[in-house]
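A.B. asks: dropping a prediction and its sequence here:
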Amino acid sequence: MEKYIYELKMKVRDYECDLQGIVNNANYQHYIEHTRHEFLSSTGLSFARLHEEGVDPVVARLNMAFKTPLKSGDEFVSKLYLKKEGIKYVFYQDIFRLPDMKVVIKSTVEAVCLINGRLGNSELFDKTFAPYISE
C-alpha cells in the first residue's frame, strides 16, 4: 500500500482538453508539478527563494502511465509520497478522479538538486524531507 504524505484537489479547466474532449497528456505533467510545488510550500520552503539562494531542485526523469482520462469539469486529487535513492528524491505521484477514486495516472518523478549550478546533495532537503521519506 502506498504511503501518501500529501494530496491536492483540483478541477479540470476547459482549455486543458484537446479535440477528443479529454485532458491533453501534457497537462498531467503540470498537475503533478503543481502538486510537488505545493508540497514543498507546505514544508515551509519556497521554490523561488531556494533559487535565489542557489538551490535548484530539477526533474531528472519522469514516467507517467495513463489509466483513465479526465474531462472538462472533472474534479480530481493528486497524491504523492517520497523516497530517497542516493542523491535522488523519487516522488511517486498518482492522480485519482473524484468522487469514484478511479486511477487517472500513476507516475514517478526523479528529482536531483543543483547547488550553485553543481549536482549535489542538499542538507536542507534531507532535513526538511526526513519526516516524509518512505522506506
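C.D. replies: On my side now, so go ahead. As the structure is a computational prediction, the values presented were derived from the model and not from experiment.
A.B. asks: so where do the helices sit in the protein?
C.D. replies: With DSSP state H as the definition, the chain shows helices at residue ranges 25-42, 47-52, 123-129.
A.B. asks: residue ranges with poor pLDDT in this structure?
C.D. replies: 1-2 (pLDDT under 70).
A.B. asks: quick one on the thing from earlier: would you mind giving the helices of the chain as JSON lines with mean neighbour count added?
C.D. replies: Heads up, the C-betas are built off the backbone N, CA and C, glycines and all. Below are those laid out as JSON lines (neighbours: other C-beta atoms under 10 Å):
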{"stretch": "helix 25-42", "mean neighbour count": "17"}
{"stretch": "helix 47-52", "mean neighbour count": "11"}
{"stretch": "helix 123-129", "mean neighbour count": "14"}
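A.B. asks: list the contacts for the closest residue to Val109 other than its chain neighbours?
C.D. replies: Distances taken as C-beta to C-beta, 6 or more residues apart in numbering place Phe91 nearest to Val109, at 4.4 Å, with adjacent residues excluded. By C-beta atoms under 8 Å, 6 or more residues apart in numbering, the contact list for Phe91 reads Ile32, Arg36, Leu80, Tyr81, Leu82, Thr108, Val109, Glu110, Ala111.
A.B. asks: how about the strands in the protein?
C.D. replies: Along the chain, the segments classed as strands by DSSP state E run 6-11, 55-66, 75-85, 88-98, 102-115, 118-120.
A.B. asks: so what strands line up beside the fourth one?
C.D. replies: Yep, that's strand 88-98 we're talking about. strand 75-85 (antiparallel), strand 102-115 (antiparallel) (DSSP bridges).
A.B. asks: quick one: it to strand 55-66, angle?
C.D. replies: Using axes from the mean of the first three to the mean of the last three C-alpha atoms, to 10 degrees, the direction of strand 88-98 lies 50 degrees away from that of strand 55-66.
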